[in-house]
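Enquirer: need a 3D model of the sequence below.
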Amino acid sequence: MNEATIQSPPRRLRIWPLAIFLALAVLLGVGLTLNPREIPSPLLNKQVPQFELPPVKGRTLGLSTADLRGEVAIVNVFASWCTACREEHPLWMKLSEARIVPVHGLNYKDRPDDAANWLKELGDPYLRTGADLDGRVGIDWGVYGVPETFVVDKRGVIRHKIIGAITPQIVEEKLLPVVRQLQAEAP
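Expert: Take a look at the predicted model:
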């Protein structure tokens, strides 16, 4: 072979890998600027899904759709294996003790003994706690992971969702203002 028979690819073919790389880099850059807490929920402003969960082991009250009508309520999706749930738990204890709004727990894909021991060890801030052993109710609620928190209005409509652990700032600036606004609305 001589140099005349070895040809380099046309110039436009050499540019394609660079163009694809640049496009992917731009998409990655845009994706990194998005806030994962702001993932839209298709259930916002819709009725709570129909469900009925048994209580977590050792508790007497489970959680169902009917329990989320008649008053503004919070549903916190948690699990004993969730590190962020452990971090936010003291805030749920304080909010529960303040009796501003009923706080219910949806225990997601947890082993019964683990959930019971976790609540015994850390305290139980929940008025009702449903055991979603297989995660189907969580899927119906649109749960991406734990923890997640939902605010439900008096008519049983999901009005707000928080993805990830709550913080004192989130409680004061987002959660409580929504709760107070909904409590002030006529039934």
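
Enquirer: mind listing the strands for the chain?
Expert: For the chain, applying DSSP state E gives strands covering 52-53, 63-64, 73-78, 103-108, 129-132, 148-152, 158-163.

Enquirer: can you add distance to residue 171, mean neighbour count and mean pLDDT and give these back as TSV?
Expert: Bear in mind the C-beta positions are built from the backbone N, C-alpha and C, glycine included. As requested, the strands of the chain are exported to TSV (distance: least, C-beta to C-beta, whole Å; neighbours: other C-beta atoms under 10 Å; pLDDT from 0 to 100):
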stretch	distance to residue 171	mean neighbour count	mean pLDDT
strand 52-53	25	16	98
strand 63-64	22	22	98
strand 73-78	10	26	98
strand 103-108	11	26	98
strand 129-132	20	26	98
strand 148-152	10	24	98
strand 158-163	10	20	96
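
Enquirer: want to throw those into CSV with distance to residue 115?
Expert: Below are those laid out as CSV (distance: least, C-beta to C-beta, whole Å):
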stretch, distance to residue 115
strand 52-53, 12
strand 63-64, 13
strand 73-78, 9
strand 103-108, 5
strand 129-132, 7
strand 148-152, 16
strand 158-163, 21
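
Enquirer: closest one to residue 46 among those?
Expert: strand 158-163 (6.2 Å; C-beta to C-beta).

Enquirer: that closest one - contacts with which helices or strands?
Expert: strand 148-152, helix 176-184 (3 or more C-beta pairs under 8 Å, 6 or more residues apart in numbering; DSSP states H and E).

Enquirer: which one, of those, ends up nearest to residue 57?
Expert: Per C-beta to C-beta, nearest to residue 57 of those: strand 148-152, 22.0 Å.

Enquirer: for the closest one, name the packing helices and strands.
Expert: Checking 3+ C-beta pairs under 8 Å, 6+ apart, strand 148-152 ends up next to strand 73-78, strand 158-163, helix 176-184.

Enquirer: before we move on, back to that, quick one: closest of the strands of the chain to residue 140.
Expert: Nearest to residue 140, of the strands of the chain and by C-beta to C-beta, is strand 129-132 at 9.4 Å.

Enquirer: span of stretch 44-56 from start to end?
Expert: 26 Å (C-alpha to C-alpha, to the nearest Å).

Enquirer: now that stretch, how far from the chain's geometric center?
Expert: Centroid displacement of stretch 44-56 relative to its chain, using C-alpha atoms, centre = their mean, to the nearest Å, is 14 Å.

Enquirer: quick check: residue 142 touching residue 43?
Expert: Yes. Using C-beta atoms under 8 Å, residue 142 is in contact with residue 43, at 5.0 Å.

Enquirer: quick one: common contacting residues for the two?
Expert: Shared contacts of residue 142 and residue 43, defined by C-beta atoms under 8 Å, 6 or more residues apart in numbering, comprise residue 161.
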